[in-house]
Structure formats: C-alpha cells, structure tokens
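[1] Here's my sequence, what's the structure:
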Amino acid sequence: MTVKILINKMSCEHCVKAVTKALSQIPELSLKSVQIGEAVAEVNNLSDWSKIKKAIENEGYEVIDIKVFNESRWKI
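    Predicted coordinates:
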C-alpha cells in the first residue's frame with residue numbers, strides 16, 4: 001500500500017535529506033519521494049506504524065498525519 005506522510009518543521013533540503021535517511025532505515029518502507037512537508041512511500045507488512053513516527057521525530061520533525069492511499073483515493 002502507498003502512504004503519504006505529512007511532516008511539520010521541514011524547511012530546506014537538509015530536512016529532506018534527514019527525513020530520507022531516517023525513513024530509509026525502515027526495511028518495510030520503499031520511498032517514492034520526499035519533499036518539504038511530506039513523504040510518499042510503499043509499505044509492505046509494517047506491523048508497527050509507530051516506527052515511521054519515531055524515525056521522523058528522532059530527526060527533530062513532527063508527523064502531522066499518515067494517509068493511506070487505497071482504491072484511487074487518500075484515506076485517513
């Protein structure tokens with residue numbers, strides 16, 4: 001499934017690189033894109049969704065929401 005992670009406190013390319021590196025450490029995620037304010041990834045068999053939040057918060061950013069893309073629409 002594809003997820004869109006909305007992220008607060010990102011303001012520059014350094015932020016993008018930090019979030020990219022943090023999320024790349026989660027084996028169940030396959031990143032599609034990271035830009036200021038959001039990341040989009042494929043998720044496969046992720047049993048602990050708090051891994052995403054913890055990885056981003058450990059870099060000093062805040063997860064606002066994680067939206068799951070399913071059947072051609074974003075679901076909260």
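
[2] tell me the phi and psi of residue 53?
    Main-chain torsions, residue 53, degrees, to the nearest 10: phi -60, psi -50.

[3] Tell me how far it lies from residue 46.
    12 Å (Cβ to Cβ, to the nearest Å). To be clear about C-beta, it is placed using only N, CA and C from the backbone, and glycine gets the same treatment.

[4] before we move on, what SS does residue 4 have?
    strand (DSSP: H, G, I helix; E, B strand; the rest coil).

[5] Would you tell me which strand is longest in the chain?
    The strand that spans the most residues within the chain, counting by DSSP state E, is strand 62-70.

[6] How far off centre is that one?
    8 Å (Cα atoms, centre = their mean, to the nearest Å).

[7] and that strand, average pLDDT?
    Averaged over strand 62-70, pLDDT sits at 89.

[8] who does it pair up with?
    strand 2-8 (antiparallel), strand 73-75 (antiparallel) (DSSP bridges).

[9] Buried residues, it. List them.
    By 16 or more other Cβ atoms under 10 Å, the buried positions in strand 62-70 come out as 63, 66, 67.

[10] Kindly report the same for stretch 37-51.
    37, 38, 39, 41, 43, 46, 51.

[11] Using the three-state scheme, assign the third one.
    It refers to residue 39. State at residue 39, reduced to three classes by three-state DSSP: strand.

[12] And for the residue nearest to it when sequence neighbours are not counted, the neighbour number?
    Of all residues not flanking residue 39 in the chain, residue 5 sits nearest, at 4.5 Å (Cβ to Cβ, 6 or more residues apart in numbering). Using other Cβ atoms under 10 Å, residue 5 is surrounded by 22 other residues.
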